[in-house]
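S.K.: here's my sequence, what's the structure:
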Amino acid sequence: MTTSPHRPQPERSTLPAADRLQRWFRGHYDRAADTALEVVAEPGADLSALAASGLLDADGAVFAEPSAADSLPVPAVPVEGSVLNCGEDLVVADELHIQVFDYVSLGFVALVGCTVVRITGEDDLTSFLADADAAVTGDGLPQWLVHPSVVLADTPALAGAAPSGVARLYVAGNGMVRTAPGGADLAPLADGAAAVRAAAAARSADPALDGVLPAGALERARAERPWLPRYLRALDAARTLSTVAAGPVRISGFGMRLCPGVPAEPVEGADLPLIARAEDGTCFLLYPDSGRTFKVSQDVALLAEAKMVCGDEREAHTVAAAALGIGVEAVRGSYSRLTLPEMSAA
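M.R.: Next comes the predicted model:
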């Protein structure tokens, strides 16, 4: 295994194959890496060249056509079908079936089992952004995107996150290496690991959609919608809670606020906790980086919302007091006793 002395490697994975493939579709990795943890190779890709390239992590997994299993020094998971072809049913290890759709199609199909939705071009991006805008202006999060079986692919690229190096790779049938099916070409596999790593390192943001979207399209979308990274976090949060909460879940800033005196649109930073309310009134506080989720009272959720949304402490006290119908001094006392997370785990 080849590693960089300047860049820490991700922790060794013990994830089962299905979870690893879902991670590959999402594109979420804790750190950038110089060796690949998951590689998806299209039929026809030169797997012997991949095995000899030095790109594969010792703990890596390759998803490839069934005949590839004996030619690689790391676990090879057989996959029938192509991740590139939307509408196709992937069969993983003869057991797991995954449907892959483009974004425009998702609202018109029945969700049966694991479903991956991809941005495959400008029409998909336009539809995705329209749904995001509607979520902010009052419609709430699109329910088909928060279904627990749905995986939205390439979210770090949508959010403008830093690239993950070569932790995640896609090898086309002609040998071209990308970080994802819709990503920018990095280098042909035949050019060697150094060329692939150098091309990945030259990217300032995740390039997983650079091959299917016009230059600057995502940058313009995020400039017009500075809340877009938080929207993606909100989708993850609602998807997580859909398995434990009663009925649909609404996320603060996306068609719902607990505190009437704060801006309706999401002004909080993407990494701040998310506040959710279920149909039965149960409130939750979710910490996106750690994945911790807590049940809280509505009053605690309101206090947390005011604190995160308001520009300063005095304003937070004033709007929280108005929302709770108590004095500012009482609110100040509540904040002094409130150490988040001061709640029971969900």
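
S.K.: in stretch 193-205, what's buried?
M.R.: Neighbour-count burial for stretch 193-205, counted by 16 or more other CB atoms under 10 Å, picks out 193, 195, 196, 197, 199, 200, 201, 203, 205. Heads up, the C-betas are built off the backbone N, CA and C, glycines and all.

S.K.: what is the helix or strand hosting residue 115 packed up against?
M.R.: When elements are assigned from DSSP states H and E, residue 115 belongs to strand 114-118. Counting contacts by 3 or more CB pairs under 8 Å, 6 or more residues apart in numbering; DSSP states H and E, strand 114-118 packs against helix 17-26, strand 96-102, helix 103-106, strand 150-152.

S.K.: what does it rub up against?
M.R.: Defining contact as CB atoms under 8 Å, 6 or more residues apart in numbering, one finds that strand 114-118 is touched by 18, 22, 25, 83, 86, 96-103, 106, 109, 124, 145, 147, 149-154, 181-182.

S.K.: quick one: mean pLDDT over it.
M.R.: Averaged across strand 114-118, pLDDT comes to 93.

S.K.: quick one: the helix or strand following it to chain centroid distance?
M.R.: From strand 114-118 onward toward the C-terminus, using DSSP H and E, the following helix or strand is helix 122-134. The gap between where helix 122-134 is centred and where its chain is centred comes out at 16 Å by CA atoms, centre = their mean, to the nearest Å.

S.K.: what helices or strands is helix 122-134 leaning on?
M.R.: Helices and strands touching helix 122-134, by 3+ CB pairs under 8 Å, 6+ apart, are helix 103-106, helix 217-224.

S.K.: closest to residue 249 out of these?
M.R.: helix 103-106 (18.9 Å; CB to CB).

S.K.: related to what we said a few turns ago, if I take the strand holding residue 115 and helix 122-134, what angle do their directions form?
M.R.: Orientation of strand 114-118 against helix 122-134 (axes from the mean of the first three to the mean of the last three CA atoms, to 10 degrees) gives an angle of 100 degrees.

S.K.: partner strands of strand 114-118 and their direction?
M.R.: In the sheet, strand 114-118 lines up against strand 96-102 (parallel), strand 150-152 (parallel) (DSSP bridges).

S.K.: now that strand - C-alpha only, PDB.
M.R.: What follows is strand 114-118, C-alpha atoms only, in PDB (Å, rounded to 0.1, in the frame of the first residue of the first chain):
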ATOM      1  CA  CYS A 114     -32.600   0.300  -2.200                       C
ATOM      2  CA  THR A 115     -32.800   3.200  -4.700                       C
ATOM      3  CA  VAL A 116     -29.900   5.400  -5.800                       C
ATOM      4  CA  VAL A 117     -30.700   8.800  -7.400                       C
ATOM      5  CA  ARG A 118     -28.000  10.500  -9.500                       C
END
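
S.K.: wait, residue 181 sits on residue 84?
M.R.: Yes: using CB atoms under 8 Å, residue 181 makes contact with residue 84 at a distance of 4.8 Å.

S.K.: more neighbours: these two, which one.
M.R.: Neighbours around residue 181 and residue 84, counted as other CB atoms under 10 Å, are more numerous at residue 181. The numbers are 24 against 16.

S.K.: quick one: secondary structure of that one?
M.R.: Judged by DSSP: H, G, I helix; E, B strand; the rest coil, the three-state class of residue 181 is coil.

S.K.: in the stretch 201-346 of the chain, which spans are strands?
M.R.: With DSSP state E, counting those that start in this stretch as the criterion, the stretch 201-346 of the chain has strands at 249-251, 274-278, 283-286, 293-296, 344-345.

S.K.: TSV for those strands, including mean pLDDT and distance to residue 90?
M.R.: Converted to TSV, the strands of the stretch 201-346 of the chain look like this (pLDDT from 0 to 100; distance: least, CB to CB, whole Å):
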stretch	mean pLDDT	distance to residue 90
strand 249-251	94	29
strand 274-278	95	31
strand 283-286	94	30
strand 293-296	91	30
strand 344-345	36	35
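
S.K.: would JSON lines of those with distance to residue 41 and mean neighbour count be doable?
M.R.: Shown next, in JSON lines, are the strands of the stretch 201-346 of the chain (distance: least, CB to CB, whole Å; neighbours: other CB atoms under 10 Å):
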{"stretch": "strand 249-251", "distance to residue 41": "37", "mean neighbour count": "24"}
{"stretch": "strand 274-278", "distance to residue 41": "36", "mean neighbour count": "24"}
{"stretch": "strand 283-286", "distance to residue 41": "35", "mean neighbour count": "23"}
{"stretch": "strand 293-296", "distance to residue 41": "36", "mean neighbour count": "20"}
{"stretch": "strand 344-345", "distance to residue 41": "40", "mean neighbour count": "8"}
